[in-house]
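**Student:** Have a look at this prediction, sequence included:
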Amino acid sequence: MTIKTTDLGCWLWQGACASSGYPLLTIDGERRSVHRHVFLIFNGPLKTDPQYCVVQTCNNKACINPAHLVQITRAQAKRRNWHIQMDAVLGYECEGGHPWSAGKWEMKRSTDGTALGRRCLICKAEQHKEYMRRRRIKARNQKKIDELPDLTP
Ligand SMILES: [Zn+2]
Ligand SMILES: [Zn+2]
């Protein structure tokens, strides 16, 4: 078998891959998806419902470690992929250095509901605190100004 293991416990397929990035193997002259095949052998029956697909929890498409393979619906996979892409674009943490994996974020959406990206809730709370602090200072200054004696000549 042509497999390379990694520190993260991934078993990376070194053979041919489909254009989608998933490992391919020819069995009895038939091209098969390796990770699906491994899932079937180690993790039990595959759901025949075409709504289901096998994905890697480690997010490495070349990984065929059965412990990293799960069968989820295509809708779930689509959502997962979106987040993986967001990780790739945004990095694994927000600008404030809080890892997205902590799950402390909300979805930024446009008015028509399209997902635009993630907003870190820790940063949002800090920004809100800072905003409230500035508002308090401004209010206090305004009060002082209001209390000044009339200086008009
Ligand atoms: Zn893996
Ligand atoms: Zn943050």
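**Tutor:** Perfect, I can see it now. Ligands and ions are numbered 1, 2, ... in the order given.
**Student:** can you confirm Leu116 is in a helix?
**Tutor:** No. Per DSSP: H, G, I helix; E, B strand; the rest coil, Leu116 lies outside any helix segment and is strand.
**Student:** chain center to the least confident helix or strand in the chain by mean pLDDT: distance?
**Tutor:** Every helix and strand in the chain was compared by mean pLDDT, DSSP states H and E; the lowest is helix 74-90, with a mean of 80. In terms of C-alpha atoms, centre = their mean, to the nearest Å, the centre of helix 74-90 is found 5 Å from the chain centre.
**Student:** Tell me which residues of it come out buried.
**Tutor:** For helix 74-90, a neighbour-count test (16 or more other C-beta atoms under 10 Å) marks 77, 80 as buried. Glycine gets a C-beta too; all of them are placed from N, C-alpha and C.
**Student:** from here on, count from 56
**Tutor:** That works, and once the first residue is 56, the last one we named lands at helix 129-145.
**Student:** ok, it near ligand 2 or not?
**Tutor:** No. Using C-beta under 5 Å from the ion, helix 129-145 never reaches ligand 2; the gap is at least 11.0 Å.
**Student:** Restricting to C-alpha, output that helix in CSV.
**Tutor:** Extracted C-alpha coordinates of helix 129-145, given in CSV (Å, rounded to 0.1, in the frame of the first residue of the first chain):
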residue,chain,number,x,y,z
ARG,A,129,-24.1,16.1,1.2
ALA,A,130,-25.8,19.1,2.8
GLN,A,131,-23.7,18.7,5.9
ALA,A,132,-20.6,18.2,3.8
LYS,A,133,-21.3,21.4,1.9
ARG,A,134,-21.6,23.4,5.2
ARG,A,135,-18.3,21.7,6.4
ASN,A,136,-16.5,22.6,3.1
TRP,A,137,-17.6,26.2,3.5
HIS,A,138,-16.0,26.3,6.9
ILE,A,139,-12.9,24.6,5.7
GLN,A,140,-12.6,27.2,2.9
MET,A,141,-13.2,29.9,5.4
ASP,A,142,-10.3,28.6,7.5
ALA,A,143,-8.1,28.6,4.4
VAL,A,144,-9.1,32.2,3.6
LEU,A,145,-9.2,33.6,7.1
